[in-house]
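**Q** This is the structure alone, sequence omitted:
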DNA sequence: CGGCTATATAACCAAGTAGCTATGGTGTGG
DNA sequence: CCACACCATAGCTACTTGGTTATATAGCCG
(Lines give C-alpha, C1' and ligand atoms only; values in the text may rest on other atoms or scores of the structure.)
Protein backbone atom coordinates (compact mmCIF):
# COMPACT_ATOMS: atom_id res chain seq x y z
CA UNK A 1 0.00 0.00 0.00
CA UNK A 2 2.81 2.30 -0.92
CA UNK A 3 1.81 5.62 -2.41
CA UNK A 4 1.28 5.20 -6.14
CA UNK A 5 3.84 7.89 -6.90
CA UNK A 6 6.82 5.65 -6.36
CA UNK A 7 5.16 2.82 -8.26
CA UNK A 8 4.47 5.02 -11.27
CA UNK A 9 7.96 6.47 -11.32
CA UNK A 10 8.93 3.47 -13.43
CA UNK A 11 8.11 3.94 -17.14
CA UNK A 12 7.63 0.21 -17.68
CA UNK A 13 4.92 0.13 -15.02
CA UNK A 14 3.09 3.09 -16.51
CA UNK A 15 3.28 1.33 -19.84
CA UNK A 16 1.77 -1.80 -18.32
CA UNK A 17 -1.16 0.18 -16.99
CA UNK A 18 -1.60 1.82 -20.37
CA UNK A 19 -1.81 -1.61 -21.97
CA UNK A 20 -4.22 -2.92 -19.36
CA UNK A 21 -6.42 0.10 -19.82
CA UNK A 22 -7.19 -1.30 -23.24
CA UNK A 23 -7.93 -4.85 -22.05
CA UNK A 24 -6.66 -7.45 -19.57
CA UNK A 25 -3.58 -9.35 -20.65
CA UNK A 26 -1.51 -12.41 -19.87
CA UNK A 27 2.01 -12.06 -18.52
CA UNK A 28 3.45 -13.36 -21.75
CA UNK A 29 1.67 -10.74 -23.81
CA UNK A 30 2.86 -7.95 -21.57
CA UNK A 31 6.39 -9.29 -21.58
CA UNK A 32 6.40 -9.32 -25.38
CA UNK A 33 4.93 -5.86 -25.77
CA UNK A 34 7.30 -4.36 -23.25
CA UNK A 35 10.32 -6.01 -24.78
CA UNK A 36 11.25 -7.16 -21.31
CA UNK A 37 12.19 -10.55 -19.91
CA UNK A 38 9.38 -12.57 -18.37
CA UNK A 39 10.80 -12.40 -14.84
CA UNK A 40 11.31 -8.67 -15.17
CA UNK A 41 7.71 -8.29 -16.20
CA UNK A 42 6.54 -10.45 -13.30
CA UNK A 43 8.52 -8.29 -10.92
CA UNK A 44 6.81 -5.13 -12.11
CA UNK A 45 3.46 -6.86 -11.94
CA UNK A 46 4.15 -7.81 -8.36
CA UNK A 47 4.81 -4.18 -7.45
CA UNK A 48 1.64 -3.09 -9.21
CA UNK A 49 -0.30 -5.85 -7.49
CA UNK A 50 0.93 -4.87 -4.04
CA UNK A 51 -0.03 -1.28 -4.79
CA UNK A 52 -3.52 -2.45 -5.69
CA UNK A 53 -3.19 -1.14 -9.22
CA UNK A 54 -3.82 -4.47 -10.92
CA UNK A 55 -5.73 -7.61 -10.09
CA UNK A 56 -5.01 -11.16 -11.19
CA UNK A 57 -7.22 -13.91 -12.42
CA UNK A 58 -5.77 -17.40 -12.60
CA UNK A 59 -6.69 -19.38 -15.71
CA UNK A 60 -5.01 -22.77 -15.48
CA UNK A 61 -1.33 -21.97 -15.42
CA UNK A 62 -1.84 -18.54 -16.98
CA UNK A 63 -2.37 -15.27 -15.15
CA UNK A 64 -4.65 -12.61 -16.57
CA UNK A 65 -3.87 -9.17 -15.23
CA UNK A 66 -6.46 -6.41 -15.25
CA UNK A 67 -6.40 -2.73 -14.38
CA UNK A 68 -7.58 -1.51 -10.97
CA UNK A 69 -7.52 2.25 -11.21
CA UNK A 70 -8.89 3.09 -7.78
CA UNK A 71 -5.52 3.92 -6.13
CA UNK A 72 -4.92 6.49 -8.84
CA UNK A 73 -7.50 8.61 -7.10
CA UNK A 74 -4.86 9.35 -4.47
CA UNK A 75 -2.65 10.80 -7.17
CA UNK A 76 -5.55 12.83 -8.45
CA UNK A 77 -6.26 14.13 -4.96
CA UNK A 78 -2.71 15.34 -4.56
CA UNK A 79 -2.87 16.99 -7.94
CA UNK A 80 -6.20 18.70 -7.40
CA UNK A 81 -5.04 21.81 -5.48
CA UNK A 82 -2.39 22.45 -8.14
CA UNK A 83 -4.75 22.36 -11.03
CA UNK A 84 -5.75 25.99 -10.82
CA UNK A 85 -2.09 27.04 -11.03
CA UNK A 86 -1.53 25.78 -14.52
CA UNK A 87 -4.99 26.22 -15.95
CA UNK A 88 -4.46 29.95 -15.51
CA UNK A 89 -1.27 29.73 -17.52
CA UNK A 90 -2.94 27.62 -20.15
CA UNK A 91 -5.70 30.16 -20.44
CA UNK A 92 -3.07 32.82 -20.98
CA UNK A 93 -1.41 30.67 -23.61
CA UNK A 94 -4.70 30.11 -25.37
CA UNK A 95 -5.35 33.84 -25.50
CA UNK A 96 -1.86 34.30 -26.88
CA UNK A 97 -2.45 31.68 -29.59
CA UNK A 98 -5.77 33.24 -30.48
CA UNK A 99 -4.01 36.57 -30.89
CA UNK A 100 -1.43 34.97 -33.18
CA UNK A 101 -4.18 33.44 -35.29
CA UNK A 102 -5.82 36.81 -35.70
CA UNK A 103 -2.58 38.30 -37.02
CA UNK B 1 13.06 17.66 -18.77
CA UNK B 2 12.59 14.36 -17.04
CA UNK B 3 9.03 13.21 -16.62
CA UNK B 4 7.63 14.61 -13.39
CA UNK B 5 6.73 11.13 -12.19
CA UNK B 6 10.23 10.28 -11.07
CA UNK B 7 10.65 13.71 -9.51
CA UNK B 8 7.46 13.39 -7.48
CA UNK B 9 8.25 9.88 -6.34
CA UNK B 10 10.15 11.48 -3.48
CA UNK B 11 7.91 12.50 -0.55
CA UNK B 12 10.20 15.35 0.44
CA UNK B 13 9.83 16.90 -3.00
CA UNK B 14 6.06 16.64 -2.93
CA UNK B 15 6.16 18.28 0.47
CA UNK B 16 8.27 21.12 -0.92
CA UNK B 17 5.73 21.76 -3.65
CA UNK B 18 2.94 21.67 -1.09
CA UNK B 19 4.74 24.34 0.93
CA UNK B 20 5.43 26.47 -2.13
CA UNK B 21 1.82 26.25 -3.15
CA UNK B 22 1.07 28.38 -0.11
CA UNK B 23 3.76 30.97 -0.80
CA UNK B 24 7.35 31.25 -2.05
CA UNK B 25 10.01 30.38 0.50
CA UNK B 26 13.71 30.66 1.18
CA UNK B 27 15.88 27.58 1.27
CA UNK B 28 16.37 27.96 5.01
CA UNK B 29 12.65 27.98 5.66
CA UNK B 30 12.11 24.88 3.59
CA UNK B 31 15.03 23.13 5.24
CA UNK B 32 13.56 23.84 8.66
CA UNK B 33 10.04 22.77 7.79
CA UNK B 34 11.22 19.58 6.17
CA UNK B 35 13.50 18.70 9.05
CA UNK B 36 16.21 18.11 6.52
CA UNK B 37 19.78 19.34 6.25
CA UNK B 38 20.36 22.41 4.13
CA UNK B 39 22.40 20.59 1.49
CA UNK B 40 19.79 17.87 1.29
CA UNK B 41 17.14 20.48 0.72
CA UNK B 42 19.24 22.20 -1.93
CA UNK B 43 19.66 18.88 -3.68
CA UNK B 44 15.92 18.34 -3.90
CA UNK B 45 15.44 21.90 -5.06
CA UNK B 46 17.96 21.32 -7.81
CA UNK B 47 15.96 18.34 -9.06
CA UNK B 48 12.74 20.32 -8.93
CA UNK B 49 14.41 23.22 -10.73
CA UNK B 50 15.71 21.01 -13.52
CA UNK B 51 12.24 19.55 -13.91
CA UNK B 52 10.86 23.07 -14.25
CA UNK B 53 8.68 22.65 -11.19
CA UNK B 54 10.14 25.58 -9.27
CA UNK B 55 11.74 28.88 -10.16
CA UNK B 56 14.33 30.83 -8.22
CA UNK B 57 14.67 34.48 -7.45
CA UNK B 58 17.98 35.68 -6.04
CA UNK B 59 17.73 38.21 -3.21
CA UNK B 60 21.25 39.07 -2.13
CA UNK B 61 22.66 35.77 -0.89
CA UNK B 62 19.20 34.28 -0.36
CA UNK B 63 17.23 32.27 -2.87
CA UNK B 64 13.48 32.53 -2.98
CA UNK B 65 11.87 29.48 -4.52
CA UNK B 66 8.40 29.61 -6.06
CA UNK B 67 6.07 27.03 -7.53
CA UNK B 68 5.87 26.49 -11.29
CA UNK B 69 3.04 24.04 -11.75
CA UNK B 70 3.03 23.86 -15.54
CA UNK B 71 4.88 20.52 -15.84
CA UNK B 72 2.23 18.94 -13.64
CA UNK B 73 -0.05 19.13 -16.63
CA UNK B 74 1.88 16.24 -18.10
CA UNK B 75 0.95 14.15 -15.09
CA UNK B 76 -2.64 15.23 -15.44
CA UNK B 77 -2.61 14.26 -19.10
CA UNK B 78 -1.42 10.78 -18.28
CA UNK B 79 -4.04 10.47 -15.61
CA UNK B 80 -6.92 11.70 -17.74
CA UNK B 81 -7.80 8.48 -19.60
CA UNK B 82 -7.87 6.60 -16.29
CA UNK B 83 -10.24 8.97 -14.60
CA UNK B 84 -13.37 7.35 -15.87
CA UNK B 85 -12.30 4.01 -14.40
CA UNK B 86 -12.49 5.10 -10.81
CA UNK B 87 -15.15 7.78 -11.00
CA UNK B 88 -17.57 4.97 -11.74
CA UNK B 89 -16.53 3.23 -8.55
CA UNK B 90 -16.73 6.45 -6.56
CA UNK B 91 -20.23 7.04 -7.85
CA UNK B 92 -21.20 3.60 -6.67
CA UNK B 93 -19.64 4.34 -3.28
CA UNK B 94 -21.52 7.61 -3.01
CA UNK B 95 -24.81 5.89 -3.72
CA UNK B 96 -23.95 3.37 -1.07
CA UNK B 97 -23.20 6.11 1.46
CA UNK B 98 -26.43 7.91 0.63
CA UNK B 99 -28.28 4.69 1.23
CA UNK B 100 -26.60 4.32 4.62
CA UNK B 101 -27.55 7.86 5.57
CA UNK B 102 -31.16 7.18 4.74
CA UNK B 103 -31.18 4.20 7.06
C1' DC C 1 37.89 44.61 5.54
C1' DG C 2 36.65 40.62 8.53
C1' DG C 3 33.47 37.68 10.08
C1' DC C 4 28.92 36.06 9.57
C1' DT C 5 24.89 34.28 6.90
C1' DA C 6 22.84 31.88 3.12
C1' DT C 7 23.21 28.65 -0.39
C1' DA C 8 25.40 25.53 -3.65
C1' DT C 9 28.48 21.94 -4.78
C1' DA C 10 31.65 18.00 -3.85
C1' DA C 11 32.69 13.72 -2.00
C1' DC C 12 31.24 9.83 0.17
C1' DC C 13 28.20 6.03 1.82
C1' DA C 14 24.32 2.98 2.52
C1' DA C 15 20.25 1.42 0.72
C1' DG C 16 17.16 0.46 -2.82
C1' DT C 17 16.14 -1.35 -7.44
C1' DA C 18 15.76 -2.76 -12.22
C1' DG C 19 17.66 -5.81 -15.12
C1' DC C 20 19.40 -10.38 -15.98
C1' DT C 21 19.92 -15.85 -15.61
C1' DA C 22 18.68 -19.88 -13.24
C1' DT C 23 15.36 -22.51 -11.00
C1' DG C 24 10.96 -24.09 -8.94
C1' DG C 25 5.96 -25.03 -9.11
C1' DT C 26 1.87 -26.05 -11.44
C1' DG C 27 -1.43 -27.31 -14.77
C1' DT C 28 -2.20 -29.05 -19.80
C1' DG C 29 -2.43 -31.81 -23.48
C1' DG C 30 -0.73 -35.47 -26.26
C1' DC D 1 1.88 -39.63 -17.17
C1' DC D 2 5.31 -37.03 -19.23
C1' DA D 3 7.17 -33.31 -21.69
C1' DC D 4 6.04 -28.78 -22.19
C1' DA D 5 4.17 -24.08 -21.44
C1' DC D 6 3.37 -20.39 -18.23
C1' DC D 7 4.59 -17.89 -14.50
C1' DA D 8 6.78 -16.73 -9.89
C1' DT D 9 10.69 -16.47 -7.07
C1' DA D 10 15.66 -16.56 -5.90
C1' DG D 11 20.05 -14.79 -6.43
C1' DC D 12 23.26 -11.81 -8.49
C1' DT D 13 25.08 -7.31 -10.25
C1' DA D 14 25.43 -2.61 -11.72
C1' DC D 15 23.48 1.58 -11.14
C1' DT D 16 20.91 5.14 -9.01
C1' DT D 17 19.87 8.00 -5.20
C1' DG D 18 18.84 10.15 -0.76
C1' DG D 19 21.19 11.27 3.15
C1' DT D 20 25.22 12.93 5.39
C1' DT D 21 29.66 16.10 6.37
C1' DA D 22 33.00 19.18 4.45
C1' DT D 23 34.01 22.90 1.57
C1' DA D 24 33.44 26.69 -1.83
C1' DT D 25 31.10 31.00 -3.23
C1' DA D 26 28.86 35.16 -2.56
C1' DG D 27 26.84 39.09 -0.26
C1' DC D 28 25.81 41.61 3.96
C1' DC D 29 26.95 44.40 7.96
C1' DG D 30 29.54 46.32 11.79
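**A** Yes, it's here. Given the structure is predicted, the values throughout are model-derived calculations rather than measurements.
**Q** Does whichever helix or strand residue A:46 is part of reach chain B?
**A** According to DSSP states H and E, residue A:46 maps onto helix A:38-50. No - contact of helix A:38-50 with chain B (C-beta under 8 Å from any C-beta of the partner chain) is absent, the minimum separation being 12.5 Å. The C-beta positions use only the backbone N, C-alpha and C, and glycine is treated the same way.
**Q** For that helix, name the packing helices and strands.
**A** Packing contacts for helix A:38-50, counted by 3 or more C-beta pairs under 8 Å, 6 or more residues apart in numbering or on different chains; DSSP states H and E, involve helix A:11-22, helix A:27-34, strand A:54-59.
**Q** Run the contact check for the last one versus DNA strand D.
**A** So that's strand A:54-59. Yes - part of strand A:54-59 sits near DNA strand D under the criterion C-beta under 7 Å from any atom of the strand, namely residue A:56.
**Q** Give me the buried positions along the helix or strand just after that strand.
**A** Beyond strand A:54-59 on the C-terminal side, the first helix or strand identified by DSSP H and E is strand A:62-67. By neighbour count on 16 or more other C-beta atoms under 10 Å in any protein chain shown, the buried set for strand A:62-67 is A:63, A:65, A:67.
**Q** one step back: how big is the angle separating the helix holding residue A:46 from helix A:27-34?
**A** 110 degrees (axes from the mean of the first three to the mean of the last three C-alpha atoms, to 10 degrees).
**Q** Please work out the average pLDDT along helix A:38-50.
**A** Mean pLDDT, computed over helix A:38-50, is 97.
**Q** So which residue is smack in the middle of chain A?
**A** residue A:14 (4.0 Å; C-alpha atoms, centre = their mean).
**Q** Identify the residue nearest that residue in space, chain neighbours excluded?
**A** The spatial neighbour of residue A:14 that comes closest, neighbours along the chain excluded (C-beta to C-beta, 6 or more residues apart in numbering or on different chains), is residue A:8 at 5.6 Å.
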